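S.K.: sequence first, then the predicted structure:
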Amino acid sequence: MKYFLDSNIIIYFIKGKFRIIGEMLEAHERDIVIPSVVLAELEYGARNSNDYEKTISVYKPFLDLYPTAVFDKKSSIEYGKLRKILSSNGVIIGPNDMMIAATVLANGGTMKGDSMGFPINRANDEGEAFLRLVCLTKRLPSKTISLSCSVEKAGTLALLGSSGCGKSTVLKMIAGLLPADSGNVFLNGHDITDEPVKNRNIGMVFQDYALFPHLSVEDNIGYGLVSQGISKRESRRAAAEWLERFGLTGMEKRRIEGLSGGERQRVALARTLAVNPLVVLFDEPLSALDAPLRHKLREELKKHQAEMQYTAIYVTHDRDEAEYLADNIIEMPST
């Protein structure tokens, strides 16, 4: 029997987290194999760390001990079969996870227990996923939506699919606006599945922006701050800073109905970021805009995320938009 290691097992062993991992590796030393995709993930994790040479020097002695299982033509065929099976059953995992699973299957292995549904923790600069969904599931009358994936700190994931495939439902479960029927949401190592919305430190930009028409621009931006107990005076001072950052200075007292689509989008984003969330969820934020403005604002979104270093999940039906904004894309099945 061969034992195929994934990246989190290797990271846990090197960090000495679980004694049983070391015991298993010692007992089956001659049967250990490392998929080539795992090598790629660890290489990326090292290059994304603060000190590449130091990080890779920790991995290399371990990796040199064992043979590599290459993702080849046979693995590609298994990948296609596996992706079809999972998508037909409404179970979605990241492409790297499927490539690792396909490599195992192509080399005569089998998937046991949770391996078909649970994601692998991706290596970020701390060696673990920052936001992780584990079989997060909602059963609707017409379909079951289930998703397992992970996003690195300051990383970006796009959920791509047609209307009605469940993209927005996933965002609402992550934000706590809709209870999941099963599964878990982990943020920075903590299970927040049952946490109330206000305690999650997750912001959301809605498709229709969800701005308050009876409030001015500055009061819309400061709304979340006031809800956290910050004085109105301080919230307006903060709003002024965000207005300047988003090129909206001079619009403090304007009402929402007097703003253009692009201006509303900027106000909605400023309101979300003003409370300093760890994660920002975007539900088709550009879909209502014309093409020139959409292209301009997606450049702004990418620029702001690079500056502010928040973790983001975008929901979109536009492949070009997903490829431009996201580090990784998960395509959600339409049925």
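M.R.: Good, I have the coordinates. Numbering: from 1, shown residues only.

S.K.: and the helix or strand residue 221 falls within, which residues are buried?
M.R.: Residue 221 belongs to helix 217-227 when elements are defined using DSSP states H and E. Neighbour-count burial for helix 217-227 flags 217, 218, 219, 220, 221, 222, 223, 224, 225 (criterion: 16 or more other Cβ atoms under 10 Å). The way it works is simple: take the backbone N, C-alpha and C, and place the C-beta from them, glycine included.

S.K.: mind listing what's buried in stretch 201-208?
M.R.: Buried-residue list, stretch 201-208, by 16+ other Cβ under 10 Å: 202, 203, 204, 205, 206.

S.K.: and these, which of them are in strands?
M.R.: In strands, defined here by DSSP state E, the members of the buried residues of stretch 201-208 are 202, 203, 204, 205.

S.K.: want to throw those into JSON lines with pLDDT and distance to residue 189?
M.R.: Converted to JSON lines, those look like this (pLDDT from 0 to 100; distance: Cβ to Cβ, whole Å):
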{"residue": "202", "pLDDT": "94", "distance to residue 189": "15"}
{"residue": "203", "pLDDT": "90", "distance to residue 189": "20"}
{"residue": "204", "pLDDT": "90", "distance to residue 189": "22"}
{"residue": "205", "pLDDT": "87", "distance to residue 189": "25"}
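
S.K.: now these as CSV including distance to residue 239?
M.R.: As requested, those are exported to CSV (distance: Cβ to Cβ, whole Å):
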residue, distance to residue 239
202, 21
203, 15
204, 19
205, 17
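
S.K.: pull the CA atoms of the next helix-or-strand element following the helix holding residue 221 into CSV?
M.R.: Scanning forward in sequence from helix 217-227 by DSSP H and E, the next helix or strand is helix 232-245. In CSV, the C-alpha atoms belonging to helix 232-245 read as follows (Å, rounded to 0.1, in the frame of the first residue of the first chain):
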residue,chain,number,x,y,z
LYS,A,232,-21.1,60.0,15.1
ARG,A,233,-18.5,62.6,15.1
GLU,A,234,-15.7,60.1,14.8
SER,A,235,-17.6,58.0,12.3
ARG,A,236,-18.0,61.1,10.0
ARG,A,237,-14.3,61.9,10.4
ALA,A,238,-13.5,58.3,9.3
ALA,A,239,-16.1,58.6,6.5
ALA,A,240,-14.3,61.7,5.2
GLU,A,241,-11.0,59.7,5.0
TRP,A,242,-12.7,56.9,3.0
LEU,A,243,-14.4,59.4,0.7
GLU,A,244,-11.0,60.9,-0.1
ARG,A,245,-9.5,57.4,-0.6
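
S.K.: report the angle between the helix or strand just after helix 232-245 and helix 217-227.
M.R.: For helix 232-245, the succeeding helix or strand toward the C-terminus, using DSSP H and E, is helix 261-274. With axes from the mean of the first three to the mean of the last three Cα atoms, to 10 degrees applied, the angle from helix 261-274 to helix 217-227 works out at 20 degrees.

S.K.: which residues sit against helix 261-274?
M.R.: Contacts with helix 261-274, where a contact means Cβ atoms under 8 Å, 6 or more residues apart in numbering, come from 203-206, 209-211, 217, 220-225, 238-239, 242-243, 245-248, 251, 256, 259, 280, 285-286, 288-289, 293, 296-297, 300-301, 304, 308, 310.

S.K.: now that helix: mean pLDDT?
M.R.: Across helix 261-274, pLDDT averages out at 84.

S.K.: how about stretch 74-83?
M.R.: 90.

S.K.: and it, what's buried?
M.R.: Quick answer for stretch 74-83 (16+ other Cβ under 10 Å): 75, 78, 79, 82, 83.

S.K.: next one: stretch 29-36
M.R.: Those would be 33, 34, 35, 36, for stretch 29-36 by 16+ other Cβ under 10 Å.
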